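Participant: Everything below, folded, please.
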Amino acid sequence: MKEILIISNYYPPEKGAAANRIEQLALKLHQNNYKVAVVCPLGNYPKGELCPEYKGKFSVTENRDNITVKRLWIYPSVSKNILVRIVSILSFSLSLFFYLLFKKTPKKVIVQSPPLLLSFISVLVLSLKNKKIILNVSDLWPLAAIELEALKAGSFSHKLSLFFERFIYKKASLILGQSNEIITHVKTITPEKECFLYRNYPDHQVSEMELKTVENQPIKIFYAGLLGVAQGVLELCEKINLKDLNVELHLFGDGAEKNQIEVLISSKKEQKIFFHGMMERKELHETLKTFDIAIVPLKTRIYGSVPSKIFEYGSLGFPILYFGGGEGETIVEEHNIGWVAKVEDFQDLNQKLVAISKMSKSDLDEMKLKIFHTAKTAFHLDNQIKDLVAKKVF
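Facilitator: Numbering: from 1, shown residues only. Next comes the predicted model:
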């Protein structure tokens, strides 16, 4: 059995798309006769505190569904204090550096990027050890940080990040990009680099659609995921207009904007916005069975970014109300799986909501069924993995 290691900043029991994405990659490689190991921090995301089972531990080795998971020490934090955040990032970076330097690792290693510092350290050590480095790029940093105004163009941090970015692209054996935009960007830096498209498709293992359209109830739109700056859910709650519409907005998740969102909702009860907190993935999917539409927002158009929620919820049969710009728009429109509102244009979004509010539940039910069958063919994780294995990517 071939061995492969995955290095990631996130892994279950942590919540969110990033952890789910890496777990599914690990499980699918295992199903394709790979002996898979994962190196990640002690579970702490998204709350910025260690999960109860990891408190007081320096490192943990465990088996999750036949995947060996090595968790290394981290000083967890989601503090807005930049110094505290730097200490948190450096803590796992140092743990990872010494682990990779002194521990025996397989010949093939998948490195998740971003975070840039962790992928830089991983690629640096692995290149010195002459490993096959498969760089899995999910977002373009520092470009995305500039677009989100989290980083100032031309600053020292920006220049250092650009150095890290160029280094990992050039030293990687090959690159997986979650979007065509990512691959195009990589090619501008390393034109000769071998790149492959790797979409973040889910694996729900659902053969028949399980959604239930409930008559005589408002149309229920939901957002489920990280409540961070990039998603712009706080601004969405501020500017969405549901008054006098037969529509509700339900929010599930956790993150930096959570407290502000809760305060806002309590002061705008006429807007029919409801917050449910964070749920386990299986419980969430069970709860969502009677909901109608998934909204996928981004605060601004982020080059290279394709939110995995398009695939996650489209594959369950949910129509997608996409509000993020970029390649995500093309996917929703080409596959006819929902609506596209112009990114950052809340007037356009609210016009789409007016049109949605006029739909009958029978129309929604028919739409869900069509989307479910479309996604079964278009967003097929098994076929994607088998194709990459056949091309000897892994």
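Participant: Model confidence for residue 81, exactly?
Facilitator: At residue 81, the pLDDT value in this model is 68.
Participant: For stretch 186-193, what does the pLDDT average out to?
Facilitator: Rounded mean pLDDT across stretch 186-193 is 96.
Participant: Show me the contact partners of that stretch.
Facilitator: 137, 165, 166, 169, 170, 172, 174, 175, 177, 195 (Cβ atoms under 8 Å, 6 or more residues apart in numbering). Any C-beta I mention is one placed from the backbone N, CA and C, and that applies to glycine too.
Participant: Now the last one: phi and psi?
Facilitator: Spelled out, that is residue 195. Backbone torsions for residue 195, taken as degrees, to the nearest 10, come to phi -130, psi 150.
Participant: wait, it sits on residue 175?
Facilitator: Yes. Between residue 195 and residue 175 there is a contact at 4.7 Å, judged by Cβ atoms under 8 Å.
Participant: Between these two, tell me which one has more neighbours.
Facilitator: Set residue 195 next to residue 175 and count neighbours by other Cβ atoms under 10 Å: residue 175 wins out with 24 against 20.
Participant: For that one, pull up the helix or strand it's in.
Facilitator: strand 174-177 (DSSP states H and E).
Participant: Show me what that strand is packed against.
Facilitator: If you count contacts as 3 or more Cβ pairs under 8 Å, 6 or more residues apart in numbering; DSSP states H and E, strand 174-177 packs onto strand 132-137, helix 180-189, strand 195-197.
Participant: what comes into contact with it?
Facilitator: Residues contacting strand 174-177 (Cβ under 8 Å, 6+ apart): 134-137, 169, 183, 186, 193-198, 304, 388, 393.
Participant: Now do it, average pLDDT.
Facilitator: Confidence over strand 174-177 (mean pLDDT, whole number) is 97.
Participant: Alpha carbons only: can I get stretch 345-354 in PDB?
Facilitator: The C-alpha trace of stretch 345-354 is given here as PDB (Å, rounded to 0.1, in the frame of the first residue of the first chain):
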ATOM      1  CA  ASP A 345     -24.600  45.000  -5.000                       C
ATOM      2  CA  PHE A 346     -27.200  44.700  -2.200                       C
ATOM      3  CA  GLN A 347     -29.800  46.300  -4.500                       C
ATOM      4  CA  ASP A 348     -29.400  43.500  -6.900                       C
ATOM      5  CA  LEU A 349     -29.500  40.900  -4.100                       C
ATOM      6  CA  ASN A 350     -32.700  42.400  -2.700                       C
ATOM      7  CA  GLN A 351     -34.300  42.300  -6.100                       C
ATOM      8  CA  LYS A 352     -33.400  38.600  -6.400                       C
ATOM      9  CA  LEU A 353     -35.000  38.000  -3.000                       C
ATOM     10  CA  VAL A 354     -38.200  39.700  -4.200                       C
END
